[in-house]
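>>> From the sequence below, what's the structure:
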Amino acid sequence: MGALRRLVDADTGEAVPYAPYAFSGGHTQVDKARVEAITESKEFTPSQKFLVLWWIGVSPEGMAPLRATGADIAKRVGMTADAVGKINRKLLKRRILIERGRIGNYRLYRISPYIAFHGTGVEQREAVKTCNPPDIPGFQTMTPSRWEAAQ
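Numbering: from 1, shown residues only. Coordinates of the predicted model:
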């Protein structure tokens, strides 16, 4: 499990309570406002919304792509390869998915680091520098002040 860490408040010297998350495995930091905007948008179909949530769950740590073809993904989610390809292309166009490599003709994707990221805050800030923010209908009006604007 690793060494037990003891966090101490730098100002007071008092121990800060610490406990690991009670998740069954790895976990991801998610921008709840962006996910809310996607799931509430009328511009995305239920299948597209489902795949966004699936991508959040399966995207590897850091900026690594998911090493799977559209056919592989289709088997995992119970859709046709054509449907997965069409949805992935729409999500790519909106920068919700980002391309992170290829295997032959197959594009390798991951969820945008603006939406979800497994890594430190510093690593996420570096990751967002490599891509443009996603185009999510309704997001601008939901969150008038964002940390990206404050940089």
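>>> how close does the residue nearest the centre of the chain sit to Leu97?
Taking Cα atoms, centre = their mean, the centroid of the chain lies closest to Ala116, which sits 2.5 Å from it. Distance, Ala116 to Leu97, by Cβ to Cβ, to the nearest Å: 11 Å. Placement of C-beta: from N, CA and C, glycine included.
>>> what residues are shared contacts of these two?
Between them, Ala116 and Leu97 share these contacting residues under Cβ atoms under 8 Å, 6 or more residues apart in numbering: Trp55.
>>> ok, the nearest residue to Pro113 once chain neighbours are set aside - contacts?
In space, and not counting its chain neighbours, Pro113 is closest to Ala127: 3.8 Å by Cβ to Cβ, 6 or more residues apart in numbering. If you count contacts by Cβ under 8 Å, 6+ apart, Ala127 has them with 62-63, 113, 117, 119.
>>> and which of these is nearest Glu43?
Pro113 (22.0 Å; Cβ to Cβ).
>>> for the closest one, helix, strand, or coil?
Classification of Pro113 using DSSP: H, G, I helix; E, B strand; the rest coil returns coil.
>>> what's the pLDDT at Val58?
You'll see Val58 listed with a pLDDT of 95.
>>> Roughly how far does Gly88 sit from Pro65?
I think there's a mix-up here, since residue 88 is Asn and not Gly. For Asn88, the distance to Pro65 - Cβ to Cβ - is 12 Å.
>>> Give me the common contacts of those two.
Contacts common to Asn88 and Pro65, judged by Cβ under 8 Å, 6+ apart, are Tyr109.
>>> now the strands for the chain?
7-8, 15-16, 29-30, 97-103, 106-111, 116-117 (DSSP state E).
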